[in-house]
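# Sequence first, predicted model second:
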Amino acid sequence: MPIEKAILVSIITESGLIPIIQDLLKRAGATGYTIEPVVSGFGTHGCRDGQFEGDQTSKIISLVSQTTADKIFEEIEETLEPHYALTAFRHQVEALMPIVTS
């Protein structure tokens, strides 16, 4: 299988937002994602150690095209970032799978 260029989008946020993020990714054109629990963390949004259900954090990652990554970031910036504690970042990667472009 040929190596394809893709954008790896990573979003770290409170676990309660994951269903909203999943819907956002699908609407933007992502064809898949992976969700990972985050045990603890510290940053500009404070310390999160996941002791209580409302304090749990998750990371969702997705390999997408540049166009899809742009859509995801626009939506996050417009609808989620002003209201919720989250960190989103992206970088170019090479993947051993075909990436659906939109």
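The structure has been received and is ready for your questions. Numbering: from 1, shown residues only.
# Please make it C-alpha for all contacts and neighbour counts, starting now.
Fine.
# and after the lowest-mean-pLDDT helix or strand in the chain, which helix or strand comes next?
The weakest-scoring helix or strand in the chain, judged by mean pLDDT, DSSP states H and E, is strand 46-48 (a mean of 56). Using DSSP states H and E, the helix or strand that follows strand 46-48 in sequence is strand 57-64.
# Which strands and helices lie in contact with that next one?
strand 4-14, strand 34-38 (3 or more Cα pairs under 8 Å, 6 or more residues apart in numbering; DSSP states H and E).
# In the sheet, which strands lie alongside it, parallel or antiparallel?
Strand pairing for strand 57-64, using DSSP bridges, gives strand 4-14 (antiparallel), strand 34-38 (antiparallel).
# Which one of those lies nearest to D70?
Among the strands paired with strand 57-64, the nearest to D70 by Cα to Cα is strand 4-14 (9.8 Å).
# Tell me which helix or strand comes right after that closest one.
Next in sequence after strand 4-14, counting helices and strands by DSSP H and E, comes helix 18-28.
# Single out the most deeply packed of the helices and strands packed on strand 57-64.
Mean neighbour count (mean count of other Cα atoms under 10 Å) peaks for strand 4-14 among these, with a mean of 20.
# what's the angle from that one to helix 18-28?
150 degrees (axes from the mean of the first three to the mean of the last three Cα atoms, to 10 degrees).
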